[in-house]
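K.L.:
here you go, sequence then predicted model.
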Amino acid sequence: MNYDESIDLLLAEAEGRLPAERKAELEELLRRSPERRSELEDLRAAFAELRRQETPPVPEGYFNGLLSAVRSGIRRRPFRIAFAVPSWFQPLAAPAAALLIIAVMAGLYPALHDEPAPASVLAAAAEEEGWFDAGAELLDGGVSGEQRLLALADGAVVRSVLLNGESVSAVPSDGTVLTDTQLLSHLNEQEIEAIVAGLSQRSAP
Amino acid sequence: MDRPDDKQLIHDFQHGDERAFNHLVTRYQERVYWTVRRLVNDHDDANDITQNVFIKAYEALPSFKGDSGIFTWLYRIAVNLSLNELRRRKIRKTFSREDEPAEPAASADETPGERLLAAERREAIRRAVERLPEKQKKVFVLRYYEELPYEEISKMLRTSVGGLKANYFHAVQKIGEALRHELR
């Protein structure tokens, strides 16, 4: 039995879900390994202690008012224009995105937009998407230099955004640099927002 | 009358029935709240995050395709927003060195001694969970408090079931060890 299998067995026993037909297997494991026996005792003790924990208090009637709070939060949200991508366009989306990236790489956008986009623009857009409250906080606090900000939307695709002075770059979870720092520094606000929206869509649950 | 299932509610909402969204909120609000609360350990933060989870769900539901269950989807948002809050606290703490918020006292029908003991235990567990690595913390909350099957957590966190079990195992071990030291 390998380590993972023994963990599975110990957890199943400690959680009280070990089927009867696997009891002999567990007994054999415990007989052969005092270390596993001790781990099982520790797990049982931990669960026993955890079960004694009481549910923390919640204000009375809280759940009765939650829906109306959510509804009022929805009403307060800034108006957004929603549109659906037509189904005929969906197969073309990836090639179109590739063409766009090539166009950007070729320098079309830097040539058209000389004004560098401040990092705060990305932070603001990202914050609106609910990603990086921490980013805005750092900027508000006047923290300078390169800051690694953890992405909050999903974490599966977009792990971090680096803010470095006035330039930004996005790094997906596989570690490949998605967009060049220098390149992004030449994008305007709308383009940055489009990237943020695109990343958000990719990382949406 | 049978309660409409999640798929029906999503379908109705996507076709303009706002009441369907209300049903979804009332159906999942407590579970979402408790997941968040267990992660952030503070009612006010949990309240804000829970509201945000549903606001985000409201915005994203029109394009929800149902690849995962709504339940899995909401939990994923909840866990991510909670971790966002924890990171923000960590940054805030780094810069201002402010203390973590403490849980309020327990119910009024306890004696002061019982109340103190319960508060101590809750605080010790909170600290122990807080100190867990992020992955172990997520797995622990979803498995222990929410009692979700490993397969469900695996879909939410996009991790293998074997990996989750190892994370859970180590999380419980660490919590047990911390409690042994703190509560003896």
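P.N.:
On my side now, so go ahead. Numbering: from 1, shown residues only, chains lettered A, B, ... in the order given.
K.L.:
least trustworthy helix or strand in the chain by mean pLDDT?
P.N.:
Picked chain A for this. In chain A, no helix or strand scores lower on mean pLDDT, DSSP states H and E than strand A:147-150, which sits at a mean of 32.
K.L.:
that answer is for a different chain, and I need it for chain B
P.N.:
helix B:70-96 (a mean of 76).
K.L.:
and the helix or strand that comes right after that helix, is it in reach of chain A?
P.N.:
Sequence order places helix B:112-130 as the next helix or strand after helix B:70-96, per DSSP states H and E. Yes. Applying CB under 8 Å from any CB of the partner chain, one finds helix B:112-130 touching chain A at B:Ala118, B:Arg121, B:Arg122, B:Ile125. In this view, the C-beta of every residue, glycine as well, is placed from N, C-alpha and C.
K.L.:
got the domain ranges for chain A?
P.N.:
A:3-51, A:92-203 (automatic domain parsing).
K.L.:
count of neighbours near the residue of chain A found nearest chain B?
P.N.:
Relative to chain B, the nearest point of chain A is A:Ala46 (2.7 Å; CB to the nearest CB). By the measure other CB atoms under 10 Å in any protein chain shown, the count of residues near A:Ala46 is 23.
K.L.:
do the same with B:Leu9
P.N.:
21.
K.L.:
thought B:Asn22 was touching it, still the case?
P.N.:
No. In this structure B:Leu9 lies outside contact range of B:Asn22 using CB atoms under 8 Å: 9.4 Å.
K.L.:
just give the nearest non-adjacent residue to the closest residue to chain A within chain B, would you?
P.N.:
Residue nearest to chain A within chain B (CB to the nearest CB): B:Gly176, separated by 2.7 Å. Counting by CB to CB, 6 or more residues apart in numbering or on different chains, B:Gly176 lies nearest to A:Ala46, which is 2.7 Å off, once chain neighbours are set aside.
K.L.:
so what secondary structure elements neighbour the helix or strand harbouring the one you found?
P.N.:
Applying DSSP H and E as the criterion places A:Ala46 in helix A:34-51. For helix A:34-51, the packing partners by 3 or more CB pairs under 8 Å, 6 or more residues apart in numbering or on different chains; DSSP states H and E come out as helix A:3-14, helix A:23-32, helix B:112-130, helix B:161-183.
K.L.:
verify the contact between the residue of chain A closest to chain B and B:Gln173 for me.
P.N.:
Yes. The pair A:Ala46 / B:Gln173 is scored as a contact, 7.0 Å apart, by CB under 8 Å.
K.L.:
low-confidence regions, the chain specifically.
P.N.:
Answering for chain A, as no chain was given. A:78-90, A:100, A:102-205 (pLDDT under 70).
K.L.:
not what I meant, chain B
P.N.:
In chain B (pLDDT under 70), the answer is B:1-2, B:90-112, B:115, B:184.
K.L.:
against B:Lys155, how distant is the residue of chain B closest to chain A?
P.N.:
28 Å (CB to CB, to the nearest Å).
K.L.:
ok, these two, which is more surrounded?
P.N.:
Using other CB under 10 Å as the criterion, B:Gly176 and B:Lys155 rank with B:Gly176 on top: 22 against 18.
K.L.:
what's near enough to touch the more buried one?
P.N.:
Counting by CB atoms under 8 Å, 6 or more residues apart in numbering or on different chains, B:Gly176 touches A:Asp42, A:Leu43, A:Ala45, A:Ala46, A:Glu49.
K.L.:
among those residues, which one has the most neighbours?
P.N.:
That'd be A:Ala46 among the contacts of B:Gly176, by other CB under 10 Å, with 23 neighbours.
K.L.:
return the distance of it relative to A:Ala24.
P.N.:
25 Å.
K.L.:
tally up the residues packed near B:His170, please.
P.N.:
B:His170, neighbours per other CB under 10 Å, totals 17.
K.L.:
typed the wrong thing, it's A:Gly65
P.N.:
For A:Gly65, using other CB under 10 Å, the count is 11.
K.L.:
quick one, phi psi at it?
P.N.:
For A:Gly65, the backbone dihedrals are phi -100, psi 0 (criterion: degrees, to the nearest 10).
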